[in-house]
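> I'll drop the sequence and a predicted model, then ask my questions.
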Amino acid sequence: MLIIVTYDVSTETREGRRRLRRVAKVCESMGQRVQKSVFECQVNDMQFEQLERSLLAEINETEDNLRFYRITEPTEIRVKQFGNFRSVDFEGPLVI
């Protein structure tokens, strides 16, 4: 399933800036950045639960905001893309 992860982490304090970096690292490990605080993650149910737990462990729920969007299939009719961005085709062949 395709999951869109968005977050807004308060960076007014040093700890907030650390949280922001940790949240970004968790997201980078599971998906691709499409905007500064927006990631696309192609995951199965177990990976989604792991991603959710990992991110909830990093944020401060009183100061930060975290959102998950499940994009239903077929994604090609649900996601439109404009401008200069090259996304990874998760379903395409792997070329090494």
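Alright, I've got the coordinates. Numbers count the residues shown, from 1 in each chain.

> how near is Thr72 to Gln32?
Using Cβ to Cβ, to the nearest Å, one obtains 19 Å as the distance from Thr72 to Gln32. To be clear about C-beta, it is placed using only N, CA and C from the backbone, and glycine gets the same treatment.

> Let me see the ranges of the strands in the protein.
For the chain, applying DSSP state E gives strands covering 2-8, 32-35, 38-42, 65-71.

> got any ranges where this structure has weak pLDDT?
Low-confidence segments of the chain (pLDDT under 70): 75-76, 80-81, 85-96.

> report the longest helix in it, please.
Among all segments of the chain classified by DSSP state H, the helix with the greatest residue count is helix 14-30.

> How far does it sit from its chain's centre?
When distances are taken as Cα atoms, centre = their mean, to the nearest Å, helix 14-30 is centred 11 Å away from the chain's centroid.

> That one: which residues count as buried?
Of all the residues in helix 14-30, those buried under the rule 16 or more other Cβ atoms under 10 Å are 19-20, 22-24, 26-27, 30.

> Next: stretch 42-53.
Neighbour counts using 16+ other Cβ under 10 Å place 42-43, 48, 51 of stretch 42-53 among the buried residues.

> and the residues you listed, which of them are in helices?
For the buried residues of stretch 42-53, membership in helices holds for 48, 51, with DSSP H as the criterion.

> Which two among the buried residues of stretch 42-53 are spaced furthest apart?
When Cβ to Cβ is used, the two most widely separated members of the buried residues of stretch 42-53 are Gln42 and Leu51, lying 11.2 Å apart.

> Common neighbours of the two, please.
Taking Cβ atoms under 8 Å, 6 or more residues apart in numbering as the contact rule, the neighbours common to Gln42 and Leu51 are Ile3.

> distance of the residue lying closest to Asn65 once chain neighbours are set aside from Asn84?
Spatially, and ignoring its direct neighbours in sequence, Asn65 is nearest to Asp8 (4.3 Å; Cβ to Cβ, 6 or more residues apart in numbering). Here the distance between Asp8 and Asn84 works out to 24 Å (Cβ to Cβ).
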